[in-house]
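1. this one's sequence-less:
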């Protein structure tokens, strides 16, 4: 009996793949992960073959039947349907990209998924959307990338190429095409403009840094403020001007208001166990002040912009480290671990995306992953603070 749309829609996944047959050797393959894929068995040049038509419901029952009839015409004229150049709807880049996005978005944060879809609609589909994925060449993708690079948006160009590559890998897995032409585009892309990095302490140097921080007989408030900054990866200004009203100790969240953020967007910072311990110690020093790090001389005013920097100098890090450099330390350690997505790391650092509007920003973006990441990073810092520094660092500290 031929399929109905209702039967296709109500088909539930089982432990193994199973088929729902339609007429003319067309069938719907239902997989354990819930995906539903149109397939058609046929014989060509004496070999049994299978044509991949697309995913349901993006490719409807009526569309699948139309593709079946077109395939039959190709066979009648001695052409292999899988290699034919007819303009099948299921091969259009936009259709394949929609299926890819639909399959992936269940694993993504909702805001992140919408951001990717917006980029596909605004950047990719106008140039590639109507093209047959089997006919798209590297030059087509490179032209798209160059349009973005001309705007100076190199990070966005890199991400868009990644999305296009994801679509092609999905198409390969779905047996729609055999290659990913975006892979060869990388070498022709422009490099990101070099960023001037502030002097930063490397991971292997942190045990000695914490030893100096722990043993130096200076202002305990400044030492605690510096340690809190390291455990949260915030900017100096964001910490110096912080007030107690911004902290939710029950939810373990620090909400930094937009007026104090460089990008003028509210930012949520997950608080680790050690970060909260430091805050409680700072509270004892701050007393009744609304500020978490008030000036010792004027409690209504924060510590100065250079207080933590000069403290670093007194620890022996003049020209070797800066306060801002601890953000680079966090970024390097988190990225090199391979445990966290680049987007989560960049969001933790409150780095705004090149094509991101103020209204589209979500302060809680990747909050679950960032909470786990900051817990991991903070625990790593605590472990490093207890580690015995190597001999060379100890000798340098004595000079």
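-> Yes, it's here. Since the model is a prediction, treat every value here as computed from it, not as a measurement. Numbers count the residues shown, from 1 in each chain.
2. From here on, just use CA atoms for contacts and neighbour counts.
-> Noted.
3. Next one: the residue nearest to the spatial centre of the chain from residue 143, what distance?
-> By CA atoms, centre = their mean, the mean C-alpha position of the chain lies nearest to residue 343, the distance being 2.8 Å. As judged by CA to CA, to the nearest Å, residue 343 and residue 143 stand 25 Å apart.
4. next one: residue 167
-> For residue 167, the distance to residue 143 - CA to CA - is 17 Å.
5. Show me which of those two is the more surrounded one.
-> Legend: neighbour count by other CA atoms under 10 Å for residue 167 and residue 143, higher for residue 167 (24 against 13).
6. For the helix or strand that one falls within, which helices and strands make contact with it?
-> Assessed by DSSP states H and E, residue 167 sits inside helix 154-173. Packing contacts for helix 154-173, counted by 3 or more CA pairs under 8 Å, 6 or more residues apart in numbering; DSSP states H and E, involve helix 93-104, helix 138-150.
7. What residues sit buried inside the following helix or strand past that helix?
-> Next along the chain after helix 154-173, taking DSSP H and E as the criterion, comes helix 206-215. Using 16 or more other CA atoms under 10 Å as the test for burial, helix 206-215 gives 206, 207, 208, 209, 210, 211, 212, 213.
8. cool, stretch 175-182 as well?
-> Applying 16+ other CA under 10 Å to stretch 175-182 flags 176, 177, 180, 181, 182 as buried.
9. okay, now the closest residue to residue 319 other than its chain neighbours: neighbour count?
-> Of all residues not flanking residue 319 in the chain, residue 199 sits nearest, at 7.1 Å (CA to CA, 6 or more residues apart in numbering). Using other CA under 10 Å, residue 199 is surrounded by 18 other residues.
10. so who does residue 199 touch?
-> 319, 320, 321, 322, 325 (CA atoms under 8 Å, 6 or more residues apart in numbering).
11. Dump those residues to a markdown table, plus neighbour count.
-> Formatted as a markdown table, the contacts of residue 199 follow (neighbours: other CA atoms under 10 Å):
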| residue | neighbour count |
| --- | --- |
| 319 | 11 |
| 320 | 13 |
| 321 | 18 |
| 322 | 19 |
| 325 | 20 |
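12. quick check, residue 37 in a strand?
-> Yes: under DSSP: H, G, I helix; E, B strand; the rest coil, residue 37 sits within a strand.
13. from memory it sits against residue 26, does it?
-> No: with contacts counted by CA atoms under 8 Å, residue 37 stays clear of residue 26, the gap being 10.7 Å.
14. neighbour-wise, which of these two wins?
-> The neighbour count for residue 37 versus residue 26, taken as other CA under 10 Å, is higher for residue 26 (25 against 21).
15. Across the sheet, point out what pairs with the more buried one.
-> residue 40 (DSSP bridges).
16. Just the pLDDT at it, thanks.
-> Per-residue confidence (pLDDT) for residue 26: 95.
17. and the gap between it and residue 124?
-> 32 Å.
18. before we move on, what about residue 61?
-> 27 Å.
19. go on, residue 384?
-> On the measure of CA to CA, residue 384 and residue 124 end up 45 Å apart.
20. With residue 105 instead?
-> 18 Å.
21. And for residue 77?
-> Residue 77 is 35 Å from residue 124, by CA to CA.
22. Pick out whichever of these two has more residues nearby.
-> Set residue 77 next to residue 124 and count neighbours by other CA under 10 Å: residue 124 wins out with 22 against 8.
23. Surely that one touches residue 145?
-> No: counting by CA under 8 Å, residue 124 sits too far from residue 145 to count as a contact (9.3 Å).
24. any shared contact partners between those two?
-> residue 160.
25. So what's the residue count around residue 92?
-> Neighbour count for residue 92, taken as other CA under 10 Å: 19.
26. can you pull the contacts of it?
-> 129, 130, 131, 132, 133.
27. Looking at these, which has the smallest pLDDT value?
-> Lowest pLDDT within those is found at residue 130 (81).
28. nearest residue to that one other than its sequence neighbours?
-> Per CA to CA, 6+ apart, closest to residue 130 is residue 92, 5.4 Å.
29. If that neighbour is in a bridge, with which residues?
-> Where residue 92 sits in a bridge, its partners, by DSSP bridges, are residue 132.
30. State the distance from the residue nearest to residue 319 to residue 208.
-> 16 Å.
31. dump the residue contacts of the closest residue to residue 172 other than its chain neighbours.
-> Excluding the flanking residues, the one nearest residue 172 by CA to CA, 6+ apart is residue 178, at 5.4 Å. Shown in contact with residue 178 (CA under 8 Å, 6+ apart): 134, 171, 172.
32. Now the helix or strand harbouring residue 383: buried residues?
-> If you go by DSSP H and E, residue 383 is part of helix 367-386. By neighbour count on 16+ other CA under 10 Å, the buried set for helix 367-386 is 367, 369-371, 373-375, 377-379, 381, 384-385.
33. elements contacting that helix?
-> Looks like helix 367-386 contacts helix 206-215, helix 220-232, strand 267-270, helix 273-286, helix 342-348 (3+ CA pairs under 8 Å, 6+ apart).
34. Quickly list the domain ranges of this structure.
-> Per the record, the chain has its domains at 5-87, 95-188, 203-398, by automatic domain parsing.
35. what's the burial count for residue 150?
-> Neighbour tally, residue 150, other CA under 10 Å: 11.
36. Next one: it, what pLDDT does it get?
-> 88.
37. Can you give me the distance of it to residue 143?
-> On the measure of CA to CA, residue 150 and residue 143 end up 11 Å apart.
38. again, but for residue 207
-> 49 Å.
39. again, but for residue 79
-> 32 Å.
40. Kindly report the same for residue 372.
-> From residue 372 to residue 143 the distance is 39 Å (CA to CA).
41. rewinding a little: who's in contact with the helix holding residue 383?
-> 206-208, 210-211, 231-232, 268, 270-275, 330, 334, 340, 344-345, 348.
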